[in-house]
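Peer 1: build me a model from this:
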Amino acid sequence: MNRAATPRLRALAALPFALALTAHLLVLALGYDRLPDPLATHFGGGGRADGFTGRAAFTVISTALLLGLGAGWTLLVRRTALWGAWATAGFTGALLVLLVRDNLDAGDAALVSSPLANLTLAAAVAALFAAAGLALTRLVPPAPAEAPTASVPRLPLGASEVAGWTRSTGSRPLTALAVLALVAAPAVLLLAPWPGALLGLLGLVVGVPGLALARVRVTVDRRGLTVRPALAARPRIRVPLDEVAEAGVRDLDAMGDFGGWGYRVRAHRTGVVLRSGEALVVRRSGGREFAVTVPDARTAAALLNTLAERHGKV
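Peer 2: Purely as a prediction, here's the structure:
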């Protein structure tokens with residue numbers, strides 16, 4: 001993505017969360033004295049209240065929720081996913097506003113109820129926001145073509161020779177983020193009332209796969225290309241030799257090319273991206289690409305091409 005587009009895209013991704021936060025805080029401020037303390041913030045079967053949060057704590061938690069979601073979308077958004085940022089902001093903001101509305105003038109928070117229609121209304125707001133985000137996508141220039149994949153010479157290998165290549169690579173920032181998320185998640189899930197408990201679920205969603213992929217081992221051998229967690233045999237990603245059409249090397253921009261770090265899925269390609277820089281890129285026989293950022297990718301690509309060609313002649 002070019003430099004001119006990135007600030008504009010991020011601004012457009014942050015905008016719906018700013019709007020949702022403004023609407024939520026305005027409704028909260030106008031009705032603050034009419035709210036019970038604590039508020040009903042969690043609802044069980046039949047929509048009856050079964051969880052409560054003090055007004056001040058609710059203000060802090062709800063604000064942090066919108067800011068956290070907004071920061072995540074602003075950092076990781078792609079042009080084709082701008083509508084998702086708007087939909088998330090619309091749904092979350094609508095639920096928070098409706099939650100405040102349901103608590104207004106309640107003499108006893110235990111008697112507050114949240115009808116199922118709230119979810120339908122929040123979904124409708126999310127759909128309108130998503131449409132707005134989709135329309136605004138035209139304001140962001142398309143990303144330029146990515147850097148070409150550099151071809152590499154085959155690795156000289158005799159007919160009876162066997163060879164293998166393996167490297168371990170990792171990301172310290174991703175490790176720190178995953179550990180922090182996993183440490184914080186149980187405390188938030190157990191102690192925070194709704195909607196703060198959502199942050200605990202988010203911690204698990206980020207922490208578990210993040211820790212598994214924070215450090216990986218990349219191997220090229222007679223089985224093909226294998227990428228797995230450095231400390232475990234599973235889960236693993238394998239590209240067998242009969243699916244390797246061509247292996248090469250490319251300089252990747254983690255954010256610009258894949259929208260972030262970890263296991264990434266994009267149109268016609270997937271990747272394990274732990275940093276920006278040198279990556280082994282494999283074009284599969286079906287036309288899709290798989291990339292993994294790893295040192296000495298050129299040697300890995302050369303060996304993988306040699307092994308794939310030898311396998312095809314067997």
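
Peer 1: per the record, what domains does the protein have?
Peer 2: For the chain, automatic domain parsing gives the domain ranges 5-139, 150-170+214-313, 172-210.

Peer 1: so where is the stretch 1-150 of the chain shaky, pLDDT-wise?
Peer 2: 1-6, 143-150 (pLDDT under 70).

Peer 1: now the helices for it?
Peer 2: 5-30, 55-76, 82-103, 117-136 (DSSP state H, counting those that start in this stretch).

Peer 1: want to throw those helices into a markdown table with mean neighbour count?
Peer 2: Glycine gets a C-beta too; all of them are placed from N, C-alpha and C. Shown next, in a markdown table, are the helices of the stretch 1-150 of the chain (neighbours: other C-beta atoms under 10 Å):
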| stretch | mean neighbour count |
| --- | --- |
| helix 5-30 | 18 |
| helix 55-76 | 18 |
| helix 82-103 | 23 |
| helix 117-136 | 17 |
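
Peer 1: wait, Trp86 sits on Pro16?
Peer 2: Yes. Assessed by C-beta atoms under 8 Å, Trp86 is found in contact with Pro16 at 4.5 Å.

Peer 1: joint contacts of the two?
Peer 2: Shared contacts of Trp86 and Pro16 (C-beta atoms under 8 Å, 6 or more residues apart in numbering): Phe129, Ala132, Gly133.

Peer 1: from Leu274, how far out is the first one?
Peer 2: Taking C-beta to C-beta, to the nearest Å as the measure, Phe129 and Leu274 are separated by 33 Å.

Peer 1: so in terms of bridging, what pairs with Ile237?
Peer 2: With DSSP bridges as the criterion, Ile237 is bridged to Val227.

Peer 1: right, and it touches Ala291 too?
Peer 2: No. Counting by C-beta under 8 Å, Ile237 sits too far from Ala291 to count as a contact (11.0 Å).

Peer 1: what helix or strand does the residue lying closest to Val239 once chain neighbours are set aside sit in?
Peer 2: Distances taken as C-beta to C-beta, 6 or more residues apart in numbering place Leu225 nearest to Val239, at 4.3 Å, with adjacent residues excluded. Applying DSSP states H and E as the criterion places Leu225 in strand 224-229.

Peer 1: which residues are in contact with that strand?
Peer 2: Here strand 224-229 has contacts from 212-213, 215-220, 234-241, 243-244, 247, 272, 280, 282, 290, 292, 300, 304, 307-308, using C-beta under 8 Å, 6+ apart.
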